[in-house]
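*Asks:* here is my input; please provide its structure:
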Amino acid sequence: GLLVVVPKGVELADPLYVRVANAVDGGSLFWRLLVVAEQGSRFSLIEEYASARPDVRGYSNAVVELFVEQGAKLEYVSIQNLSQETWHFATHHGQVGRDAELDWVAGGFGSKKGKVRIQNDLIAPGATSRVTGAYFADGSQHLDYDTFQEHIAPSTESDFAFKGALRETARAVWRGMIRVEPDAQKTNAYQENRNLLLSPDAHADSIPGLEIMANDVRCTHGATLGRVDRDQLFYLMARGLTRAEAERLIVRGFFQDVLD
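*Replies:* Have a look, this model is predicted:
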């Protein structure tokens, strides 16, 4: 495991980078990351899960805890790029304090079967969390995400936006929940999941949910499933691109806001 503490008021110009790799065929990784952003600190941290080779078989089980204290800002990037012969399970939990910000990017591109839970607790007024997720699966991959936005204090804000593209017989499941506690008035929360299906046998399930126990809130959600637009394909192919090139360009456009 790894402990990262950035002291009160410290700002780091360059991001911290952590790479967790499985180099042994049949090996298991049990990983724990604890990050504390003390009051008024600002920094970025990139964490990558990887395999030494594409054919390495393995098992990965990760736990991440993020504590963002008053007035701090943490930018956290988590990239799962394990081999397609690896099973991956992970729990990521963030706690955001008064007037603090957590900007989170989650990427899922590898593993054979994967199950990831992401939870953000907004525990004090002015807390803000933004989570942007992207996943791409092909072959027989199955990626499963549970996201949970827990609004405990009043005047908090959260934004979850997940996008996925699926090819061949790949599967994806996203379950999202916004929970607003009785004292969390003036909550502003949003969640969205969009999926692009690149083959007739790919499949995605989107299951958004709301649990609201306060009466002065703004909570919305959305979920979409769709295939590549035939008119867009025709337009690009009529200008000399092959179907594969045109499709690649459309997929890149679909993910552009995440890439930005």
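*Asks:* all contacts plus neighbour counts: C-alpha atoms, from now on.
*Replies:* Will do.
*Asks:* quick one: low-confidence ranges for the protein?
*Replies:* Per-residue confidence for the chain (pLDDT under 70) gives no ranges below the cut-off.
*Asks:* redo that, cut-off 80
*Replies:* 259 (pLDDT under 80).
*Asks:* so residue 258 is in which element?
*Replies:* helix 256-259 (DSSP states H and E).
*Asks:* typo on my end, it should be residue 249
*Replies:* Counting by DSSP H and E, the element that carries residue 249 is helix 243-254.
*Asks:* gap between that helix and the chain center?
*Replies:* In terms of Cα atoms, centre = their mean, to the nearest Å, the centre of helix 243-254 is found 22 Å from the chain centre.
*Asks:* tell me, how many residues neighbour residue 179?
*Replies:* Here the neighbour count serves as a burial measure; for residue 179 (other Cα atoms under 10 Å) it reads 21.
*Asks:* thought it was touching residue 208?
*Replies:* No. With contact defined as Cα atoms under 8 Å, residue 179 and residue 208 do not form a contacting pair (11.5 Å).
*Asks:* which residues are common contacts for these two?
*Replies:* By Cα atoms under 8 Å, 6 or more residues apart in numbering, residue 179 and residue 208 have no common neighbours.
*Asks:* show me the beta-bridge partners of the residue nearest the centre of the chain.
*Replies:* Geometric centre of the chain, nearest residue: residue 106, 2.9 Å, by Cα atoms, centre = their mean. Under DSSP bridges, the beta-bridge partners of residue 106 are residue 78, residue 133.
*Asks:* mind listing what it touches?
*Replies:* Residues counted as contacts of residue 106 (Cα under 8 Å, 6+ apart) are 77, 78, 79, 131, 132, 133, 134.
*Asks:* what's the most distant pair in these?
*Replies:* In the contacts of residue 106, two members sit farther apart than any others by Cα to Cα. They are 79 and 131, at 13.1 Å.
*Asks:* how far does stretch 89-97 sit from its chain's centre?
*Replies:* Chain-centre distance of stretch 89-97: 11 Å, with Cα atoms, centre = their mean.
*Asks:* hmm, who's touching it?
*Replies:* Stretch 89-97 has contacts (Cα under 8 Å, 6+ apart) with 60-71, 102, 114-129.
*Asks:* next: stretch 195-207.
*Replies:* Residues beyond stretch 195-207 that count as contacts (Cα under 8 Å, 6+ apart) turn out to be 163-176, 193, 223-228.
*Asks:* may I have that stretch exported as CSV, CA atoms only?
*Replies:* Once side chains and other backbone atoms are set aside, the C-alpha atoms of stretch 195-207 remain, and they are given as CSV (Å, rounded to 0.1, in the frame of the first residue of the first chain):
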residue,chain,number,x,y,z
ASN,A,195,-23.1,4.2,-24.1
LEU,A,196,-22.0,3.8,-27.7
LEU,A,197,-22.6,0.2,-29.1
LEU,A,198,-20.2,-0.6,-31.9
SER,A,199,-21.5,-4.1,-32.8
PRO,A,200,-24.9,-5.7,-32.7
ASP,A,201,-23.8,-8.2,-30.0
ALA,A,202,-22.5,-5.6,-27.5
HIS,A,203,-24.7,-4.9,-24.5
ALA,A,204,-25.0,-2.2,-21.9
ASP,A,205,-27.3,-1.7,-18.9
SER,A,206,-27.7,1.8,-17.3
ILE,A,207,-29.5,2.0,-13.9
